[in-house]
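Colleague: just need the structure, nothing else, for what follows:
(2 chains)
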Amino acid sequence: MGSIETGSIGDGKWIDVRFSGRGGEYFRIWIVNIFLSIITLGIYSAWAKVRTRRYFYGNTSIQGSSFEYLAKPLAILKGRLIAVLFLALVLGAGYLHPLADLVSIVIIALFAPWAIWRSLVFNARMTSYRNVRFGFAGKVGPLYRHVFLLPILPLLIVAVVLGVQYALGVIQFDVADPAAKSRTATILGLSIGLGITGTYLLIPYIQKSLTGYYLDGHRYGQGRFSASLATAFYYLVYLKLIVIGFLLLAAVVALIVVAQAAMPDFGVIPDRSGTVGESGISSAQLWLTTPLLLLFVAASVWMKAYTQSRFRNYAYSKLGLDDVAVFRSGMTVNGLFGVQLTNLILMVLSLGLAWPWARVRLTRYRLETLALRIDGSLDEYLTQARRRQSALGEEVGEAFDLDLDLGM
Amino acid sequence: MKTIQGFWFPHASARRVAGEMHLSGDGVSLHVEGETDWSGAREALSVSQRVGSIPRRITLPGQWTFETADNAAVDQWLASAGSGLKDASWIHRLESRWRWILSALVVTVMVVAAGGYWGLPWVSAVAARHMPDSVVDAVSSGTLEILDDWLLGPSELPEARQLERQRGFEALVESTGTPGYRLHFRRLGMPNAFALPSGDIIVTDRFVELASAREFDAVMLHEIGHVRLRHGMQQLVRSSLVSFIIAMYLGDPSGVQELVVALPVFLLQSHYSRAHEREADEYAMRTMMASGIDPVHFASIMRKLAAFHGDGEPPPGEGGAEPKTSGDFLSSHPDSGERIRRALELSEEFRR
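Modeller: The predicted structure is shown next:
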């Protein structure tokens, strides 16, 4: 008892993270948030954001101490107003001149990584545990590299190569010669296909890099989080996913073939292109397509649960805080799948009103599968951290409220 | 006098020590065994706002923080303290009375439903109307080429037939004062006609074979109605708006919402699409009446098309059994029985 009260946790035991939020309680906060946001034409949404975060942080605890979210709603409101004004200006300019459209798309694409970065810094600084604030020390550069540059890099390379080929006369437009025409079409098709494939091949790497950036950038007081992630792991998970996906697809195709043999009318795509003709879906088709559709939904939920649980467990297994704390996430694919699938059913049956329960259930599952182990005395570490953090400024300006979704 | 249990956090330290606080009308005292005894006026303290039942923090700025789970006692104390402390707990009171929760729920559901039913179509109609022509053309440029590549074949109709319909079309456009439309003949496995926002109207060979000259006019006016009322642009604006709103309100990374919103969005889109069909029908038939064409031709082409799509047997005369209906809420078009009835109604009005 004494050791808990004085807060000296540690001594090498695994400590579970607890979540004590309740769906009914959050429902009431949620519905009042939406109601007040509607009648204030969105202004209250900044306050709503803070209340929601405080609710979830305040219900997350480690050894009886909960997290705190300290943001002032006005800072969030300011950030939102700036963002809305900026977007309105940029998009409005797009109307004035045809070329401005392209420029505004580029400006928005350039703005997004910066806004994400500001939100990371803001939200980390506004989070505290045991009176010690978190921080985010990652630079904005890597974010531009991973969010902006890398996804379009393969297509950029392709464009440059095509440009060179055009200059050399290998590909030609506006020519009558059918041989040159078909050569151009082949080269164009292949190159663009190659570029898109390149982007897809980069996804696991980008995800690994962003996860590493996110974890390595965080600070607890002056304590550094660090995670050494292996790129190979991310490729392996996606490879397995593709194999599983193909097996599922094969199973579904087999099912359709069997169904079609039994019912010749099955699976005929109803006409939806016409604007004059009647294009209802016959009820027989509906009854046969529905189970297939449900199967497809369940499969996609499962596949998402697969990657999310794998990535989360892996990232936490590699995470450390200085040499003081290590982490462990024990999510199982079926556990997460169960929560997600029942959430989905709840949401559909309630027309979306069960959202608060769904969110609380998912948060509980994510947090209660999480544990950490402290080596040495957390007390001493915390006191040191507390003393050193006062050097950091507490004001970080406005927040842009753009979260980085790492799917983990 | 009320005593609450909690934890004491000294300033600039992460230590946490169990202690108790005594709250009374005019003062507060804090007792932490072996650490501190403090007493003073409640005005010196700041108390965190209540959210659900998360721990409350009572802070003496620059000195210490006291954390307690006894929300009820703190609320009671704040209420009895009167004007002493700034307190914005009215939001929590809203959140804890079922009467308010229910009102908030009803208002929210009503606003969302009304917004989806009337607000969204209205906003997208206004936006589509003010869309510059250059944007409209940019959106549909290339669409016909793509359709030609993937779906449609070149028309196999005799040239004379095409010319005849082309002339009829030009005369129709002339007489109704709606220039800027182009007619295209294409081959597809079914009778169909559709319009692109730019004013390009595509008719299939099967459709031309099926429709008489007057029936052809009726359908052309329906398509011109879609273009004039900018239905295609409305649909574009609306789906962008819907995605934006969903992203704003459910912007939490859980992966569930995309699937959940897919169904209502699909139902809503079908609803809007049916409303557009009715509008285009109405436009076509009003224009027909104004230029002296009996709307009965609209009814007869609808019967022919319904018969082709296996939507029940078309009765030859007026007042016969109407084609059977299919589930209205899933369909992108209003049920043809309803459309035929409306055309016959207007036909009677026209004949009088």
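Colleague: in which helix or strand does B:His276 reside?
Modeller: B:His276 is part of helix B:257-290, with elements assigned from DSSP states H and E.
Colleague: again with B:His222
Modeller: With DSSP H and E as the test, B:His222 turns up in helix B:213-228.
Colleague: okay, now the unreliable bits of chain B?
Modeller: Within chain B, the segments meeting pLDDT under 70 span B:12-13, B:81-88, B:139, B:141, B:243-268, B:309-332.
Colleague: so where's the stretch 251-400 of chain A shaky on pLDDT?
Modeller: Short version for the stretch 251-400 of chain A, where the test is pLDDT under 70: A:260, A:262-289, A:378-379, A:383-400.
Colleague: now do the strands in the stretch 1-150 of chain A.
Modeller: Along the stretch 1-150 of chain A, the segments classed as strands by DSSP state E, counting those that start in this stretch run A:14-19, A:60-62, A:65-69, A:127-129, A:132-136.
Colleague: could you export the ones you listed as TSV, including mean pLDDT and mean neighbour count?
Modeller: (C-beta placed from N, C-alpha, C; glycine too.) Shown next, in TSV, are the strands of the stretch 1-150 of chain A (pLDDT from 0 to 100; neighbours: other Cβ atoms under 10 Å in any protein chain shown):
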stretch	mean pLDDT	mean neighbour count
strand A:14-19	92	16
strand A:60-62	92	21
strand A:65-69	91	21
strand A:127-129	89	19
strand A:132-136	86	21
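Colleague: would JSON lines of the ones you listed with distance to chain B be doable?
Modeller: What follows is these, written out as JSON lines (distance: least, Cβ to the nearest Cβ, whole Å):
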{"stretch": "strand A:14-19", "distance to chain B": "11"}
{"stretch": "strand A:60-62", "distance to chain B": "9"}
{"stretch": "strand A:65-69", "distance to chain B": "6"}
{"stretch": "strand A:127-129", "distance to chain B": "9"}
{"stretch": "strand A:132-136", "distance to chain B": "6"}
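Colleague: near chain B, which residues of the stretch 1-150 of chain A?
Modeller: A:5-7, A:21-22, A:25-29, A:31-32, A:34-36, A:38-39, A:47, A:51, A:54-55, A:57-59, A:65-66, A:68, A:95, A:98, A:130-132 (Cβ under 8 Å from any Cβ of the partner chain).
Colleague: what packs against the next helix or strand after the helix holding B:His276?
Modeller: Counting by DSSP H and E, the next helix or strand C-terminal to helix B:257-290 is helix B:296-308. Judged by 3 or more Cβ pairs under 8 Å, 6 or more residues apart in numbering or on different chains; DSSP states H and E, the packing partners of helix B:296-308 are helix B:205-210, helix B:213-228, helix B:257-290, helix B:336-351.
Colleague: in the first one, what's buried?
Modeller: Neighbour-count burial for helix B:205-210, with 16 or more other Cβ atoms under 10 Å in any protein chain shown as criterion, is recorded at B:Asp205, B:Arg206, B:Phe207, B:Val208, B:Leu210.
Colleague: on that earlier part again, make a PyMOL selection of the buried ones in the residues of the stretch 1-150 of chain A next to chain B.
Modeller: Filtering the residues of the stretch 1-150 of chain A next to chain B down to the buried ones (16+ other Cβ under 10 Å) takes a single PyMOL command:
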select buried, chain A and resi 7+21+25+26+27+28+29+31+32+34+35+36+38+47+51+54+55+57+58+59+65+66+68+130+131+132
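Colleague: which of the residues of the stretch 1-150 of chain A next to chain B fall within helices?
Modeller: Judged by DSSP state H, the residues of the stretch 1-150 of chain A next to chain B include A:5, A:25-29, A:31-32, A:34-36, A:38-39, A:47, A:51, A:54-55, A:57-58, A:95, A:98 as members of helices.
Colleague: can you name the residue of the stretch 101-250 of chain A nearest chain B?
Modeller: A:Arg130 (4.6 Å; Cβ to the nearest Cβ).
Colleague: what's the closest non-adjacent residue to that residue?
Modeller: Distance criterion Cβ to Cβ, 6 or more residues apart in numbering or on different chains; nearest residue to A:Arg130, sequence neighbours excluded, is B:Ala14 at 4.6 Å.
Colleague: doesn't B:Tyr181 make contact with B:Val173?
Modeller: Yes: using Cβ atoms under 8 Å, B:Val173 is in contact with B:Tyr181, at 5.6 Å.
Colleague: can you tell me the helix or strand for whichever residue of the stretch 301-408 of chain A sits closest to chain B?
Modeller: Of all residues in the stretch 301-408 of chain A, A:Leu382 sits closest to chain B, at 2.9 Å by Cβ to the nearest Cβ. Element membership of A:Leu382 [criterion: DSSP H and E] is helix A:378-389.
Colleague: which residues in the stretch 101-250 of chain B form helices?
Modeller: Under the criterion DSSP state H, counting those that start in this stretch, the stretch 101-250 of chain B contains helices at B:120-129, B:133-140, B:143-150, B:159-175, B:205-210, B:213-228, B:231-249.
Colleague: give the buried residues for the first one.
Modeller: Pointing back at helix B:120-129 there. Within helix B:120-129, the residues scored as buried using 16+ other Cβ under 10 Å are B:Leu120, B:Pro121, B:Ser124, B:Ala125, B:Ala127, B:Ala128.
Colleague: quick check, nearest of the residues you listed to chain A?
Modeller: B:Ala127 (11.6 Å).
Colleague: still on that earlier bit, as TSV, the strands of the stretch 1-150 of chain A with distance to B:Val296 would be great.
Modeller: Converted to TSV, those look like this (distance: least, Cβ to Cβ, whole Å):
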stretch	distance to B:Val296
strand A:14-19	68
strand A:60-62	70
strand A:65-69	68
strand A:127-129	71
strand A:132-136	71
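Colleague: nearest to A:Tyr365, out of the ones you listed?
Modeller: strand A:14-19 (8.8 Å; Cβ to Cβ).
Colleague: neighbouring strands - and their directions - for that closest one?
Modeller: strand A:60-62 (antiparallel), strand A:370-374 (antiparallel) (DSSP bridges).
Colleague: of those, which is nearest A:Lys13?
Modeller: strand A:370-374 (6.8 Å).
Colleague: and that closest one, how far out from the chain's middle?
Modeller: Centroid separation for strand A:370-374 versus its chain: 24 Å, with Cα atoms, centre = their mean, to the nearest Å.
Colleague: A:Leu36: what's it in contact with?
Modeller: A:Tyr44, A:Trp47, A:Ala48, B:Ile91 (Cβ atoms under 8 Å, 6 or more residues apart in numbering or on different chains).
Colleague: near chain A, which residues of the stretch 101-250 of chain B?
Modeller: Within the stretch 101-250 of chain B, the residues that sit near chain A (Cβ under 8 Å from any Cβ) are B:101, B:103-105, B:107-108, B:111, B:132, B:134, B:151, B:190-195, B:207, B:219, B:222-223, B:226, B:249-250.
Colleague: and those residues, which are buried?
Modeller: B:101, B:104-105, B:108, B:191-195, B:207, B:219, B:222-223, B:226, B:249-250.
Colleague: if you skip the residues just before and after it, what's nearest to the residue of the stretch 101-250 of chain B found nearest chain A?
Modeller: Nearest to chain A in the stretch 101-250 of chain B, going by Cβ to the nearest Cβ, is B:Ala104, at a distance of 3.6 Å. Closest residue to B:Ala104 apart from its sequence neighbours, by Cβ to Cβ, 6+ apart: A:Phe35 at 3.6 Å.
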